[in-house]
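Undergrad: no sequence on this one, just coordinates:
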Ligand code: UD1
């Protein structure tokens, strides 16, 4: 199993390019299921979760052709299976994103229940309830969610547009309903919709394919169903930049008292995170090429709570905690989206951090002198936090199980090395 060997401490300086957003590319790939015509995407990141989604689609009969630099061309002309098998779904919960497109185009879908994961229970009940409200019958059979819409004669059944009010904001739930509603009969109104830039990006793609959507990026999204969607034609859809990857490198710049520019990053996608970096004493600037973060003075403690967009992203909570281990004072970080998303705290403590976790709040007593040690990654963003901490720890830090990291970061060791860090991929 691969590990990262990090030699610290280091100061990061320079520019790294941002990749396309994994969390925007995943629903975009699933969107190809909605049409028999080719769908072209650009800026799809080379990460393991994307490969999982490709495998899932290929297994259904979708043809997927990759071109260098993140181009993907898909054709769901000859779909022969509407099943997402356990082997793939268990490695990536976002596999649930095929449920909406399959159900709305083919009237049926079998998606394995995702099961548990390291950052809490993460149910998919809100997805299921939404499809039931749209007329689907959903049952759990042999570990699978089996959803179908009754046939009308020989025709596949069609979902019926309705008002879906999500009791909590759900990103993939909003995306799943958005995908399905494009081919439903009538109007679907999604209330308390997620505002995340990835949802907005999906709406842009679907509109390019002929969908009728309004209100994306606000809490009410309205979709008028159409008979069929087309492909992307001659203009492939360019996936939005990955704000979480960008935030991770910007946090690394602030943490190491460095000067890091993430080229292609959009400050408007990261309002709460960039405000928190500035409050911590970093200088944050939107430049022509992207976003730049520098720090000369001391780090200040910052209290924050994660929240749905435009709040502080839960996917940057772990990285910010690594930053706060070096702040001069005590900071409190509350996690309001996921339960059990503090697994990185115990590993950070192994490096010398002072962190107490009580319920949904972690109290970080900074500054701590971190010392390199072997640590084990527990999930994608927790792994990133451990790598960041390794950059300022003295000596060697071995971050094990970086397959978690590879799910969402493309070539992280190369990007960090280009910024001056000592990071090497080793087996261990
Ligand atoms: C997405 C992101 C993930 C990010 C998260 C929150 C993708 C592929 N993943 O995950 O990186 O951390 O948003 O920004 O885009 N919930 C339910 N029932 C459901 C669905 C969700 O109770 O059916 C709960 C979850 O347990 C959680 C909250 O709603 O407490 C928000 O989760 P959600 O926004 O759905 O996260 P994901 O879409 O899975």
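TA: Ah, there it is. Computed from a prediction, not measured in an experiment: that's the story for all the values here.
Undergrad: list the buried residues of stretch 43-50.
TA: Buried residues in stretch 43-50, counted by 16 or more other C-beta atoms under 10 Å: 43, 44, 45, 47, 48, 49, 50. In this view, the C-beta of every residue, glycine as well, is placed from N, C-alpha and C.
Undergrad: that stretch: how far from the chain's middle?
TA: Stretch 43-50 sits 11 Å away from the centroid of its parent chain (C-alpha atoms, centre = their mean, to the nearest Å).
Undergrad: close to the ligand, is that stretch?
TA: No. Judged by C-beta under 6 Å from any ligand atom, stretch 43-50 makes no contact with the ligand; its nearest approach is 7.6 Å.
Undergrad: ok, and what's touching that stretch?
TA: With C-beta atoms under 8 Å, 6 or more residues apart in numbering as the test, stretch 43-50 has contacts from 19-22, 25-26, 28-29, 70-72, 92, 94, 238-239, 241-242, 245, 403, 406-411.
Undergrad: before we move on, the earlier item: got CSV for the buried residues of stretch 43-50, with pLDDT and secondary structure too?
TA: Formatted as CSV, the buried residues of stretch 43-50 follow (pLDDT from 0 to 100; DSSP: H, G, I helix; E, B strand; the rest coil):
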residue, pLDDT, secondary structure
43, 98, coil
44, 98, coil
45, 98, coil
47, 97, coil
48, 95, helix
49, 96, helix
50, 97, helix
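Undergrad: which of those sits closest to residue 142?
TA: Within these, the smallest distance to residue 142 is 25.4 Å, found for residue 49 (C-beta to C-beta).
Undergrad: name the nearest residue to that closest one, sequence neighbours excluded.
TA: residue 407 (4.8 Å; C-beta to C-beta, 6 or more residues apart in numbering).
Undergrad: over to residue 295?
TA: residue 282 (4.5 Å).
Undergrad: quick one: that neighbour and the ligand, what's the gap?
TA: In this view, residue 282 and the ligand are 23 Å apart by C-beta to the nearest ligand atom, to the nearest Å.
Undergrad: so that residue touches residue 255, yeah?
TA: No. Between residue 282 and residue 255 there is no contact under C-beta atoms under 8 Å: 9.2 Å.
Undergrad: of those two, who's got more company?
TA: Neighbour tally, residue 282 and residue 255, criterion other C-beta atoms under 10 Å: the higher count belongs to residue 255, 30 against 27.
Undergrad: the closest residue to the more buried one other than its chain neighbours: which element?
TA: With sequence-adjacent residues excluded and distances taken as C-beta to C-beta, 6+ apart, residue 255 is closest to residue 323, at 4.9 Å. Per DSSP states H and E, residue 323 falls inside helix 317-324.
Undergrad: near the ligand, anything from that helix?
TA: No. Using C-beta under 6 Å from any ligand atom, helix 317-324 stays clear of the ligand, with a minimum separation of 9.1 Å.
Undergrad: show me what that helix is packed against.
TA: Helices and strands touching helix 317-324, by 3 or more C-beta pairs under 8 Å, 6 or more residues apart in numbering; DSSP states H and E, are helix 243-255, helix 271-279, strand 330-334, helix 343-350, strand 361-365, helix 380-392.
Undergrad: may I see these arranged in TSV, with mean pLDDT and distance to residue 78 as well?
TA: Output for the helices and strands packed on helix 317-324, formatted as TSV (pLDDT from 0 to 100; distance: least, C-beta to C-beta, whole Å):
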stretch	mean pLDDT	distance to residue 78
helix 243-255	98	34
helix 271-279	98	43
strand 330-334	98	49
helix 343-350	95	42
strand 361-365	98	50
helix 380-392	96	33
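Undergrad: out of the buried residues of stretch 43-50, who's nearest the ligand?
TA: In terms of C-beta to the nearest ligand atom, no member of those lies closer to the ligand than residue 49, at 7.6 Å.
Undergrad: can you get me the start-to-end distance on stretch 275-287?
TA: Criterion C-alpha to C-alpha, to the nearest Å; first-to-last residue distance in stretch 275-287 is 16 Å.
Undergrad: next one: stretch 196-216
TA: End-to-end distance for stretch 196-216: 9 Å, by C-alpha to C-alpha.
Undergrad: would you mark the buried spots in that stretch?
TA: 196-206, 208-211, 213, 216.
Undergrad: so which of those sit within strands?
TA: Secondary structure from DSSP state E places residue 213 of the buried residues of stretch 196-216 in strands.
Undergrad: also near the ligand: which of the contacts of stretch 43-50, exactly?
TA: Filtering the contacts of stretch 43-50 for neighbours of the ligand using C-beta under 6 Å from any ligand atom leaves 26, 94.
Undergrad: buried among the contacts of stretch 43-50? Make that a PyMOL selection.
TA: Of these, the buried ones go into a single PyMOL selection, burial set by 16+ other C-beta under 10 Å:
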select buried, resi 19+20+21+22+25+26+28+29+70+72+92+94+238+239+241+242+245+406+407+408+409+410+411
